[in-house]
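1. model the following, please.
(3 chains)
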Amino acid sequence: MSFILSCPNCGPRAVDEYSYGGEVTVRATSAGEQRALFHYLYFRDNTAGDQREWWFHSSGCREWFQAERNTTRNEVLQVARPGELAGAGAAAVPDASAASEAAGG
Amino acid sequence: MADERMASRTGELIDRSDQVSFTWEGEPASGFKGDTIGSALFARGTRVFSRSFKYHRRRGLMCCAGQCPNCLVEVDGVPAVRACVTPIEEGMSVRHINAWPSLQRDFLHLVGRLTPSFGMQVGFYYKTFIHPRRAWPLYEKLLRNAAGLGRLDPEHRRTERFDKVHRHVDVLVIGGGEAGLEAAAEAAESGKQVTLVDEGLALGGQLAWSGPSARARLDALRERVSEAGVEILQPAYAGGVYEGLLVPVYQGRTMHRFRPAELVIATGSIEQPLVFGNNDLPGVMLATGARRLVNQFRIMPGEQAVVVTSSDEGIAAALDLADGGMNVAAVADSRRDADGSRVEDAGIEYLAGYQPWQAKGSKAVSGVVVTRDGKHRTLDCDLLVMSGGSVSHTSFITQGGGSIRYDRDQRRYVPDALPPGMRVVGAAAGSAAAAGAVPASAPKTMCKQVVCFCEDVTTKDIALSLDEGFRSLELAKRYTTVTMGPCQGRMCHRNAGLVIADKLGLDADAERVGVTTARPPHHPTSFSLLAARGYEPVKRTSTHHWHAEHGGKMLWAGDWKRPYDYGDADSEAAAVHASLGLIDVSTLGKLIVRGPDAAAFLERIYPNRFGDMKLARVRYGIVCGDDGSIVDDGTVARLSEHEYYVTTTSSGAGGMEQWFTWWNAVWKMDVQIVNVTSTLAAFNLAGPNARTALAKLTEFDLSNEAFPYLGAGHATIAGVPCLVLRIGFVGELGYEIHLPTAAGEHVWEQLMEAGEEFRVKPFGLEPQRVLRLEKMHVIIGQDTNAESNPLEAAMPWIVKLDKESDWIGRYAIEWYKQRGNRLALVGWEGGNGKVPKEGTQVVGAGGEPAGRITSSRYSHRLGKAIGIAWVPVAQAEEGTAILISDPSGATIPATITHRPFYDPDGERLRS
Amino acid sequence: MSSEHPFAFLSPAAATGAELRTPMERNHLAAGATLQQRDGWRVAEYQPRDEPPAWIADLSHHGKLDVRGSAGWIDELTGTLELGRANSTSGVWTLRLSPTHAIVLCSFDRTAELAARIGDGVTDMTCGWAAIVLGGEAARDVFMRSSSLDVREQRFPSGACMAGSVMRCPSIVLNDEGRFWVLCGWELGEYMWEALQDAGLNIGIAPVSATVALPAAEVAA
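-> Predicted coordinates:
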């Protein structure tokens, strides 16, 4: 992994300056729909193709942004500040399972 | 033997007026400045440079271009140095590798000869050495000793300094041949910043050793690149091409990490050996290798040469060698219809349609038998020049994410799709001149026909691999290790493909056989270069040196260095209980959360409430993931209506900042999150005398009435404005003092001085651990893991499911509540004088697992072992007797308890 | 509760009872420097010498303010500085890192006044970032041995700034007429100081007094 990713604030940097935040997901907002809740919590699309994902510029401006990346070619198609990706769909929230990584274990 | 060179000629690399002395196998040797180890030794008569990998056959110079493995030597204790491209230096010590006891008499060579039929055929270590089974450890030891090229001496210390430099350029050109020089000049002339990397000893690639007209072209090109301002790194080699066009370039003791905007691959082509019997005898050389010796080093590689070839490149080589002064007796061309008139015009016998069958000689080549339609001709020679045509050098293209395709007209692999920013020029991109240059299949012979010179793989090995069912190049690669050696197939992937195609009856073009991927590093590379100047960031608190100077045993704690204790953990803990202790907690994460939405934001981040907090108060809180698991804990102080001061665990500082900002990237609330972990030192002054001691340094009213437990206040302490939080996790009255780092050491010293009359002790992490445990404080990440939710982790009181706002983890925790608890986090005490190890099992009466110990310490204060454990809900009742399994096999009895072991009602904290 | 700003305690300016220390104090003493009192700080004074090919100076006592707010307000404050650009007026540097985030560097004695003038959204980070200035003819060569950031003149001229990884630490870098300011976490200051000197060892790097890093005009301002 040595590809270049562009931070909307800082410009192109080697990927090791960033932390990966996982897929952009849609948050479940009820415990009633157990299936929907668990799907949000534990399932990922793991797309082989174009995927929307979260990135944090941990060695740089320490701000979050979103990227659309082709996961098979590892090609970054676009980056934008949160919620500003072109053609973005539903409300996008952090990856529920990533908290422990964010907290450093 | 004297250094014998031919008459001086333009283009030679040596400076005959400058002699350089070194040693070879401990004996004095010398050469001229400009010589390589290989050329200097060859000029003095050395013909054997190494022993082959498996059969330990003698090997001499073959490519003279650093591509083949034949001349790997040890230089000044560093193994796998390519003799043919490494310049000699005064005083260097050169030794052979891979032969014992000596290069001339090698024990393993004898073994190889005595066991020709079964000894070291492919996969021999699985077959021959498998019986009897119990002998395998012995076999393994023998094999490990025999394997590998060279040896690292564990006692050898390299004292040289290695360096690593990050380089950004507009254009990086790999390869300084004609095409590379032109591409570099062109780019530089258009105003770009260009660096050219060349692994050769002289710029120009083939131009450097191809006669006078080539020299003129080269001189013009060199002038052009120099005028255009191209930076030239030479000799230096690209180690590989990584994603994002990251190219490590190794030059001497420096690794340049290039990130070019554009990468130009101008790596040219690589001449291929021919496959015939004994094709690895010393004296069998590639045509380009012989030409380099003659033209660049003015060395006569033999008295009488025979050229065997399958292409025009061999014909050109024969003419060039003759022109350079060599006696070329004959050219055997495996093609029947090629034009050999130029050879004959030069007075050299031309044998059309003859291919080499086997080389003659035992320690060095003495002749070659060539064959046509079953008719043999024996030709005497002491230099056998072979030229099997060439392949494009495509390693970097595929490593960098490009693809290659087989070109039927050129009969070689050429670039296909290239990644953005990559360009291929010159022979690497394919060459019309190479058309049709594929040798016929190797004739049968009893002699070894080497395909892979690195790993000693012969035609027989590949045939065996196919017979055993590994019927493709990729499988044969894994089974025989063909193309896996240091050259990564540069010398063998074409021939391996041809052999396989032949055996499987596939198209002789080898198109359907495919090609293996060449992996980095491109050449043997010293670990010293890879490891050059490695750094590991160390975080130090403002009082780091005070701790170290006062007996603090500084240990890694995450990224920080912290004192484990100051020599006596027990008495440090005792001091806190009895009188006064001071601990540096500057590593705590510290965040400012402020703005009109600050309260609402924290309500959504935490399971507990913060909106209802009174000013100047502190509250404990935990942070959960949306899956309900506990990820961090800490305190929150409300300093004004819209301003909160949040502390996190030491390891969670960066992560919590990230977590808070992440959610706000979604919610976009009007709140600012500022990480001030670095800005503030924090000390906890704890013990019954904490108030009296602190009062000596401040006018702030510390009385219990004015500043009660869980209060927050601004106090000037020892002349420094501080934020004081009346909290503590060590069981006694305590003040957590936060202040600017630059004043940290001053305030720490003042606190120590003020506490002197109370026999204050600084205490480290270990005594703090015991003190915390006495209060049954859970340590996130120690007592909890990614599956721990607050309901089960004994913190149901913290979860406000009736909060009107949404919050992170709410729905998962609601679900956990519906499901009911399965496990419980509880305290335990007892142990009958034993202290169980953390991580050991709680076991049921029948020895079955029934939970696990997460914390365990001996409390001197309480005179017993105490700890925390996860147990099934059914066994979590207060007073339940449990058994803890000890690794020794014994069981340790303990009793479940729910209340803190020490001061369960927190009276001392509130006093 | 004090009536003043609740986060005033972050600022060392009011810590009049203390001698303020930078994270590299032990390094300075070990290298033979003396410590001089300046504005409440113990500032390292090195023996004057001919300018080495590369030098580093400890500017950790310099005032540093972190400013956050709406993009419009930051625009107003910075005179609509572009991202990655910095300007310098009478010795005060303003760096724009993102639409909503700027940094102000000033002499220590001006910190309080500037913080008050900026008002909400300002955090005194004087003690949050160690500041090292890397200068000399070979400053860029040392930097290239410390970071994969592109600091070529055409990409990162004087007046450019960026946040990025230096010596594997999150840092803020400013090109001040060929001198590189490197701001990193206070707790990493000593490590950064040592690591930069190691990177510059073959180049002949040497530590110098803070005054070498700040031209007289700026000190006077």
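2. so what's A:G89 scoring on pLDDT?
-> With respect to pLDDT, A:G89 scores 55.
3. likewise A:A103?
-> Looking at A:A103, its pLDDT reads 40.
4. same question, B:T128
-> For B:T128, the pLDDT comes out at 68.
5. go on, the one 5 residues further on?
-> The predicted local distance difference test score for B:R133 is 77.
6. now B:E757: how far from chain C?
-> Distance of B:E757 to chain C, given as Cβ to the nearest Cβ, to the nearest Å: 21 Å. Bear in mind the C-beta positions are built from the backbone N, C-alpha and C, glycine included.
7. what's the answer for B:A287, then?
-> Going from B:A287 to chain C by Cβ to the nearest Cβ gives 42 Å.
8. what is the burial count for the residue nearest to that residue when sequence neighbours are not counted?
-> Leaving out its chain neighbours, the residue that sits closest to B:A287 by Cβ to Cβ, 6 or more residues apart in numbering or on different chains is B:A317, at 3.4 Å. If you count neighbours by other Cβ atoms under 10 Å in any protein chain shown, B:A317 ends up with 27.
9. and B:A317, which of the three is it?
-> Secondary structure for B:A317, judged by DSSP: H, G, I helix; E, B strand; the rest coil, is helix.
10. residue contacts, it?
-> By Cβ atoms under 8 Å, 6 or more residues apart in numbering or on different chains, the contact list for B:A317 reads B:287-288, B:290-291, B:307, B:309, B:385, B:387.
11. looking at those residues, which are in strands?
-> Members of the contacts of B:A317 lying in strands (criterion: DSSP state E): B:307, B:309, B:385, B:387.
12. count the neighbours of B:R372 for me.
-> Neighbour count of B:R372, defined by other Cβ under 10 Å: 16.
13. for the record, mean pLDDT for the helix or strand where B:A322 lies?
-> Element membership for B:A322, per DSSP states H and E: helix B:312-323. Helix B:312-323 shows a mean pLDDT of 89.
14. swap in stretch B:234-248?
-> Mean predicted confidence for stretch B:234-248 is 96.
15. please see if it touches chain C.
-> No: using Cβ under 8 Å from any Cβ of the partner chain, stretch B:234-248 stays clear of chain C, coming no nearer than 9.3 Å.
16. that stretch and chain A in contact?
-> Yes: Stretch B:234-248 reaches chain A (Cβ under 8 Å from any Cβ) through B:242-244, B:246.
17. send me that stretch as CSV with only the CA atoms.
-> Provided in CSV are the C-alpha atoms of stretch B:234-248 (Å, rounded to 0.1, in the frame of the first residue of the first chain):
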residue,chain,number,x,y,z
GLN,B,234,25.1,6.2,-11.2
PRO,B,235,25.8,3.5,-10.4
ALA,B,236,22.5,3.1,-8.7
TYR,B,237,19.6,0.8,-9.2
ALA,B,238,15.9,0.9,-8.8
GLY,B,239,14.9,-1.7,-6.3
GLY,B,240,11.3,-2.0,-7.6
VAL,B,241,8.3,0.0,-8.6
TYR,B,242,5.5,0.1,-6.0
GLU,B,243,2.0,1.5,-6.0
GLY,B,244,1.7,5.1,-6.7
LEU,B,245,5.0,5.0,-8.6
LEU,B,246,7.1,4.8,-5.5
VAL,B,247,10.6,3.8,-6.6
PRO,B,248,13.4,3.1,-4.1
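18. can I assume B:R478 is in contact with B:F470?
-> Yes: if you go by Cβ atoms under 8 Å, B:R478 and B:F470 touch, sitting 7.5 Å apart.
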